[in-house]
Each structure stands twice: as structure tokens, then as C-alpha cells.
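Undergrad: test case, fold it:
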Amino acid sequence: MDKKNEQVESVSEAVGDEYRSILNEESHNIEWRHGGPPIFDTVNKLFEQGRTKEWPQGSIEEAVQNAVKSWELELSHKTRIQDFKTINPHKFKLIVNGREGLSGEETLKLGSYNALLKTSMPKKFQYYKADEETFESSHDAFRTALPRGFAWEVIKVYSGPPVITFKFRHWGYFEGPYKEHAPTGEMVEFYGIGVMKVDESMRAEEVEVYYDPAELFAGLFKGPCNNYSSSNSDKEEQNPNDTSTSSHLCPFSK
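TA: Reported below is the predicted structural model:
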């Protein structure tokens, strides 16, 4: 999920990236979502300044970290599953918090945010309504809220291939509005566990992700609401002297 302003910038020729080596190897017949390969300078800087671990070159931790960054690059910026190098498109499944797995094509259509934030909870309890978002709207919302990027790091690797189990951290700075919520400038982050089954070429065949979305949205909902008036208008008319903070809180994302 590393994605930001630099990700919507594109160039006509592939650019190298220390953490995403596939950018150095790309052929010219790749169909890029924004017309060319992305540039990750801003989110790479955020990653380097904020990471809690710096893994040795050639370590399994570095390999897993870069593999996931490369997969996210392809998921967010390529439009054809046959152009992916990080997964086995015939076997790939993404399983989030135990839900039914998504195929490579389904994941690509939804986009990383919608795929990772889908939930079976009743809609009134949903922090994020994936079925009301498109690929573009979901990415735009988080790019706006986290303008320096949404960095990702491996915290620990518990087992190596062919079944790689790891702990990760995802973070960014809430410096732009998220839907109705004004930015706080504070860091938002969450932790999770991943289980990735890979083939002999280290392509992912199945990825399981377990995390609590409330860790992310607690930070994003912390900002004051800019456009919350109509849903509380009746209540405020009935209680004109009520100054409790509950009358000024935002509802869950509409």
C-alpha cells in the first residue's frame, strides 16, 4: 500500500528504485495506469526517515520487504495482470482477515485499498465502505490524506519460503483532509501479520493479511469534521444548549 503524489507522476522511461528492482527491468510494452512507471522518491524518503528496522542487504527480511513493495507497485500502477512479475496470476489469491480470497484479476480491479478494507460488517458499522468506492476514488482519498505517502516496512520474518510469515508496519502523516475530516498532522499507523506462499521463482501464489483497520481509522477520524451539520441539525434544534462534543463528531465515512 506505499502510494502518494509521486505515484501519480510518471516518466517516459523506467526509473531505478532501490526497493523495487522490477522498475529497473521493465520492458517498454507494459501498460501503466498513469502513462509511465511511477516515481517513489517522496514515500522512499518517508520510509527511510521513519522505519524502525534497517535490514542487511541480502537478508530474508530485506527480500520480503522489497517483494511486497514491488507487488504493491504493480497492483497500483499496472493495468494488466499479465504484466505482473511478482505473482503467479493463475494461482494467486489475496485473503484479508479470513475473508474469501480474491483472485489476481479481482484484486487488480478493486485496487489495494478496496481489497484490503473490504468488510462483512453491517454497513452502519463500517469505517470504510469499499463497495461505494472505485479504484480511483479510493486512491485519491488516501493520497490526499497522506500526501507524503503511506510507507511500509517489515518488522520481523518468522519463516522463510515457500511459506513466508512476517509482521509489518504501515504509516504516514495525516496532513491532508480525509473525506469530512480535517488533517491533524499526526502520524497514523497500524501493524499486521502476513503469510505469503511463493513458488520456486518467488512469485506469490497466496497472500494472507491480518490486521485491525480500526488502528488506521482511529487516526483519520481524529480530525475535526468540516462538513458535518445536516445529520445533527434536528438534534441541535431540539437541544440548543447542548455543548457536548458528541454533537460535533463526524459520522463514519459516507
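
Undergrad: pLDDT on the strand or helix carrying residue 219, on average?
TA: Per DSSP states H and E, residue 219 falls inside helix 213-220. If you average the pLDDT over helix 213-220, you get 95.

Undergrad: got a list of contacts for it?
TA: 117, 119, 127-128, 145, 170, 174, 178, 181, 184, 186-191 (C-beta atoms under 8 Å, 6 or more residues apart in numbering). Backbone N, C-alpha and C define where each C-beta goes, glycine included.

Undergrad: list the contacts of residue 146.
TA: Residue 146 neighbours (C-beta under 8 Å, 6+ apart): 4, 172, 173, 174, 175, 176, 188.

Undergrad: ok, so of these, who is nearest residue 29?
TA: Comparing the contacts of residue 146 against residue 29 with C-beta to C-beta places residue 4 closest, at 26.3 Å.

Undergrad: pull the CA atoms of the helix holding residue 219 into CSV?
TA: Output in CSV follows, covering the C-alpha atoms of helix 213-220 (Å, rounded to 0.1, in the frame of the first residue of the first chain):
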residue,chain,number,x,y,z
PRO,A,213,-8.4,-1.4,10.4
ALA,A,214,-9.5,0.5,13.5
GLU,A,215,-5.9,1.3,14.1
LEU,A,216,-5.8,3.2,10.9
PHE,A,217,-9.1,4.9,11.1
ALA,A,218,-8.7,6.0,14.7
GLY,A,219,-6.1,8.4,13.4
LEU,A,220,-8.0,9.5,10.3
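
Undergrad: what residues of it count as buried?
TA: 213, 216, 217, 219, 220 (16 or more other C-beta atoms under 10 Å).

Undergrad: quick check: the gap between the third one and residue 129.
TA: Counting by C-beta to C-beta, to the nearest Å, the separation of residue 217 from residue 129 is 12 Å.

Undergrad: between the contacts of helix 213-220, which sits nearest residue 34?
TA: Residue 34 lies nearest to residue 145 out of these, by C-beta to C-beta, at 19.4 Å.

Undergrad: low-confidence ranges in the stretch 1-150 of the chain?
TA: Of all residues in the stretch 1-150 of the chain, those with pLDDT under 70 make up the ranges 1-15.

Undergrad: now the helices: where do they sit in it?
TA: Remark: helices assigned in the stretch 1-150 of the chain by DSSP state H, counting those that start in this stretch are 5-8, 22-25, 41-50, 60-77, 104-110, 112-117, 135-145.
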